[in-house]
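Novice: Would you be able to build a 3D model of this:
(one chain, ligands or ions: 1)
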Amino acid sequence: MYYSDQLGIEPSATDELHWTLEVSDLGNQKWHYGPQKPSAVEKHLLQASRPLPSGNPSLDDAIEKAAAYFAGVQHESGTWPNMYKGPMFVTIGYVASAKFTGTSIPDHVTKELVRYLVNTAHPVDGGWGLHETDKSTCFGTTINYVILRLLGLGADHPTCAKARKTLLAMGGATGNPHWGKIWLSVLNLYKWEGVNPAPSELFALPYWLPVHPMKWWVHTRAIYAPVSYLYNCKAQCKLDPLLEQIRDEIYTRPFAEIDFAACRNKVCGIDLYYPHTKVLDVVNWMMVKYDRYRPQWLAKWSNDIAYGLVLKELENTDDLSIAPVNGAFNSIVVYIEEGRSKRFERVAERLKEELFLSPIGMTMMGTNGSQVWDSSFAVQCFHVAQVHNHEAVATAHDRAVDFLLRSQFDTECVPGSYRDKRRGAWPFSTKDQGYTVSDCSAEAMKAVLMARPADRELIQRLHNTIDVLLTLQNVDWSSRLMSYYGSFSTYEKIKATPLMELLNPAEVFGNIMVEYPYVECTDSSILGLVYFRKHSSYRAADVERAISRALCYIEKAQNPDGSWYGCWGICYTYSGMFALEAFSETGHSYANSDTVRKGCDFLVKRQLPDGGWGESMKSCETHTYVSTKESNLVQTSWALIGLLLAEYPDLTVIERGIRLLLQRQASDGSWAIEGVEGVFNHSCAIEYPNYRFIFPIKALGLYRRRLHQGGRVWR
Ligand SMILES: CC(C)=CCC[C@@H](C)[C@H]1CC[C@@]2(C)C3=C(CC[C@]12C)[C@@]1(C)CC[C@H](O)C(C)(C)[C@@H]1CC3
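Specialist: Just a heads-up that it's a prediction; the model follows:
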């Protein structure tokens, strides 16, 4: 029974049996409510975690059953839809956009959005944080309180009353960080004069300037382009009685008496992960003066430039946008410019693809899914476990490969969008989303090569992938200077100096201004290149050089204790697995490499008494390994994969971990969700529900190979 059931909410939950998920050939997902019957996929996604007895299987049985279960919950599009949830600051975009543009939200969606927030409110103080398992923060509590009120929950409903009390105890909504203040201003619940400036003139600067926004990290610039437009025209939703009530509820003083300009730099202490630098304070002060005295024509002229960039982003992503945060801002900007035009309707419609239903209600995901990433790993794990051609798995395997082939980019971005060459690369989620990611391209390439090693036409197609991947490596003079030579970043190579972080206005996220070198992205890129090298001699010398430069980088990035800090999964365990796999694929093992030996010893020292591994989100925040008390299925699998690939000599260590995976498997072959596996920007946790199949299957498969091959790991 969920908290929302105990509490009783009006409107109440919808009937889970009436929800179906539509998924297109390209993996785009949308939930519908109606008379249809749910399929195995919806049942798998919506059934609450059911305690099934453990099957206590043999190794072979465990692999067969897990692979068959996982194959059985694949959608016929070749993807594994899953609730890619966690961040608690995304749904505000959907609700605020609907409010601003007068778009109605269907009843069944409203009910489920409310249910999710009621179920995720902090059990003690009733607030919300940056992510689902976070402590309550001013940002999380304000925006989610506002959502509930806009969706029709009464101010005196117990969830609202409790959250409001917590918000007011934190000093009220004036303590919001930059993004919170921006959403409140758009909703006319705050005043723009109290928001640190984000003028669109920045986008009109000449590109050669080192601070040009189009050199920033793709997400940050994609968000600040529409935000700067809204800032310059001080866009505000029409005030209505409900908004007036909310104004009265979220502050400790009457709205009319608040000196908003004085709150510009005020951020609640609990929220403040990354305080402003003095440099930013000075720049902000100057921009405030500029904002006051600049001529209107200049504000309008630079808004035209920002709007041009928004339109290009929409064109390059088939009206979807890179992720829901800028997607929501974009929808408002298009509405201001064009009213309810065809384009606006389409942007608003595609925003709904970011909504996902889970057993605890509906929320907006971090992106429109994790389709390409998950399908790539799924194909790989079927091969490692040698089940790809088994009856229960073969269709799912082939569909996933076809999905990956359909999802490879075959067009370039429109000119003038400051985007690099993308033909041949792959995204994280879907082809429509349109953004190359280094490791997603490499893992997808590895997957299709595993599946079709002898397909000459495919290898030809992968020439483009190689061309893109090679351009993504950080190898220019500044990377030598900053000692990230040979590394790979996420979406692009590093285009601006990390000193830009001094101007990070977000307060709640670190490392968002520019690209950084990432160990995991570098590891995956090596894996992709190594696989390609096995099958083709295309640009052999360049590929070879890229691999050795990347290996040097990972070696340098290893901490003295043998660990690698992970940025996209929790944390040292995640990165350790990727690094050890990259070393293993290039011929390094425990027996012949100090780096590998140190990497393994680090992991082995952290094995818990039950044979598993469990690492806390605190590792990401504190940059030190913090163990949880309980071991975690996915992290145990990561550690095991690393050790197995490194040919760690002591099999008893590995066997203890393997036994834990077997014991936790339910009789239907599945594993339950045990906790959050992913992270971003050091502070926000995000769930990857498919990891609970992908990585245990891979770990068990590798272990079986090791047993069968007399202690030698298959390559
Ligand atoms: C702070 C901001 C801008 C918030 C919006 C959320 C996005 C930035 C997040 C949500 C999912 C996310 C963590 C993701 C990634 C980047 C940042 C994302 C898109 C990438 C693609 C980076 C590279 C990683 O190796 C990996 C592929 C795992 C992730 C996937 C998810």
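Novice: Can you say which helix or strand has residue 304 in it?
Specialist: helix 296-316 (DSSP states H and E).
Novice: Hmm, I typed the wrong one, I wanted residue 549.
Specialist: Element membership for residue 549, per DSSP H and E: helix 540-557.
Novice: For that helix, buried residues please.
Specialist: Across helix 540-557, burial judged by 16 or more other C-beta atoms under 10 Å covers 543, 546-547, 549-551, 553-554, 557. C-beta here means a position set from N, CA and C on the backbone, and glycine is covered the same way.
Novice: immediately after that helix, which helix or strand?
Specialist: helix 572-585.
Novice: could you give the angle of that following helix to helix 540-557?
Specialist: 140 degrees (axes from the mean of the first three to the mean of the last three C-alpha atoms, to 10 degrees).
Novice: and helix 572-585, how far out from the chain's middle?
Specialist: The chain centre lies 20 Å from the centre of helix 572-585; the measure is C-alpha atoms, centre = their mean, to the nearest Å.
Novice: What of stretch 604-619?
Specialist: 24 Å.
Novice: Straight-line length of that stretch, end to end?
Specialist: Separation of the first and last residues of stretch 604-619 by C-alpha to C-alpha, to the nearest Å is 17 Å.
Novice: Do you know the pLDDT at the closest residue to the ligand within the stretch 251-400 of the chain?
Specialist: Of all residues in the stretch 251-400 of the chain, residue 366 sits closest to the ligand, at 3.3 Å by C-beta to the nearest ligand atom. Looking at residue 366, its pLDDT reads 94.
Novice: thought it was touching residue 89?
Specialist: No - using C-beta atoms under 8 Å, residue 366 is not in contact with residue 89, being 10.1 Å away.
Novice: Confirm that residue 661 sits in a strand.
Specialist: No - membership of residue 661 in a strand is not supported by DSSP: H, G, I helix; E, B strand; the rest coil, which gives helix.
Novice: Contact partners for the nearest residue to residue 174 once chain neighbours are set aside?
Specialist: Among residues not flanking residue 174 along the chain, residue 263 sits closest, at 4.3 Å (C-beta to C-beta, 6 or more residues apart in numbering). By C-beta atoms under 8 Å, 6 or more residues apart in numbering, the contact list for residue 263 reads 174, 181, 194.
Novice: The helix holding residue 304 and the ligand, are they touching?
Specialist: No - Helix 296-316 stays clear of the ligand (C-beta under 6 Å from any ligand atom), getting no nearer than 13.9 Å.
Novice: Could you list the residues in contact with that helix?
Specialist: Contacts with helix 296-316, where a contact means C-beta under 8 Å, 6+ apart, come from 199-201, 203-204, 214, 222, 225-226, 228-229, 232-233, 320-322, 326, 330, 333-334, 337, 343, 347, 413-414, 416-419, 434.
Novice: so how far is it from its chain's centroid?
Specialist: Relative to the mean C-alpha coordinate of its chain, helix 296-316 is positioned 27 Å out (C-alpha atoms, centre = their mean).
Novice: what comes up buried for that helix?
Specialist: 299, 302-303, 305-307, 309-314, 316.
Novice: again with stretch 414-431
Specialist: Applying 16+ other C-beta under 10 Å to stretch 414-431 flags 417-420, 422-431 as buried.
Novice: distance between the ends of that stretch?
Specialist: Counting by C-alpha to C-alpha, you get 15 Å between the two ends of stretch 414-431.
Novice: ok, and does it reach over to the ligand?
Specialist: Yes - under the criterion of C-beta under 6 Å from any ligand atom, the ligand is reached by stretch 414-431 at residue 428.
Novice: Please work out the residue of the stretch 501-650 of the chain nearest to the ligand and name it.
Specialist: For the stretch 501-650 of the chain, C-beta to the nearest ligand atom, closest residue to the ligand: residue 568, 3.9 Å.
Novice: per-residue pLDDT, that residue?
Specialist: Reported pLDDT for residue 568: 97.
Novice: Provide a list of residues in contact with it.
Specialist: By C-beta under 8 Å, 6+ apart, the contact set of residue 568 is 518, 520, 574, 678-680.
Novice: for it, phi and psi?
Specialist: Dihedral pair for residue 568: phi -120, psi 0, per degrees, to the nearest 10.
Novice: same question, the one 3 residues further on
Specialist: The phi and psi torsions at residue 571 (degrees, to the nearest 10) take the values phi -140, psi -80.
Novice: Quick check, it in contact with residue 620.
Specialist: Yes - counting by C-beta under 8 Å, residue 571 sits close enough to residue 620 to count as a contact (4.7 Å).
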